[in-house]
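J.: Following is a predicted model, sequence given first.
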Amino acid sequence: MPPLNDRDKAQLLRLARHAVEQCTLGRRPPAVEEPGEESLGAGCGAFVTLRKAGLLRGCIGHIEASTSLCQTVRECAAAAASRDPRFEPVTPLELADLHIEISVLSALTDIRPEEVEVGRHGLLISCDLHRGLLLPQVATQWRWDREQFLEQTCIKAGLPSDAWRQGARIQAFTAEVFGEPRGCPEVNTALGEARASRP
């Protein structure tokens, strides 16, 4: 897909923020109009990550998508706020403390273990019905080396940590990662409505 420019990224971040806001209020975000920009209309995988005080608060994504990137980001943002099974749903009063990050994925390619580059590649490891994915930034954040990254992706898939040595399929992708400026999220109406409704 064509590279994203700063305007594209800002639009996707606004869309994700609005979807999170509406979701926390129990509303369905309005349908996304088909974007005019070729980059935003492309069908590609994307993940939306929510963090609060630097800690993970939700992360949901699609490895591949047939809908526009705008639609994918909207759906993933709402799901990260409400349907990540690791966390309770986000509440409106948390909005001001959330930081939103979007990862736009390239196509998957098969890769040999020795070709994996930490910090550049994300990984999808699969075997039978087990699948696990980790984004490129995860390995960097945890300061894993190549073998640790492969092992942790296997564990994420529910496989033995050495499954990557035992014939599990290893696929790699790259990601264009961008997020809201730190300390100044675009919190709109939801926070005000939540405060107004408090006793």
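T.: Yes, it's here. Just so we're clear, the structure is a prediction, and the values are computed from it rather than from any experiment.
J.: now the helices: where do they sit in the protein?
T.: Listed in chain order, the helices of the chain (DSSP state H) span 6-24, 38-41, 69-82, 136-142, 146-156, 189-196.
J.: Distance to Leu108 and mean neighbour count for those - can I get that in TSV?
T.: Quick note: C-beta positions are derived from backbone N, CA and C, even for glycine. Converted to TSV, these look like this (distance: least, C-beta to C-beta, whole Å; neighbours: other C-beta atoms under 10 Å):
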stretch	distance to Leu108	mean neighbour count
helix 6-24	21	21
helix 38-41	20	16
helix 69-82	16	24
helix 136-142	13	16
helix 146-156	13	20
helix 189-196	35	14
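J.: May I see those helices organised as TSV, with mean pLDDT and distance to His62 added?
T.: Output for the helices of the chain, formatted as TSV (pLDDT from 0 to 100; distance: least, C-beta to C-beta, whole Å):
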stretch	mean pLDDT	distance to His62
helix 6-24	94	14
helix 38-41	63	15
helix 69-82	95	6
helix 136-142	96	17
helix 146-156	98	16
helix 189-196	47	24
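J.: what's the closest non-adjacent residue to the residue positioned nearest the centre of the chain?
T.: Centroid-nearest residue in the chain: Phe47, 2.2 Å away (criterion: C-alpha atoms, centre = their mean). Excluding the flanking residues, the one nearest Phe47 by C-beta to C-beta, 6 or more residues apart in numbering is Gly61, at 2.8 Å.
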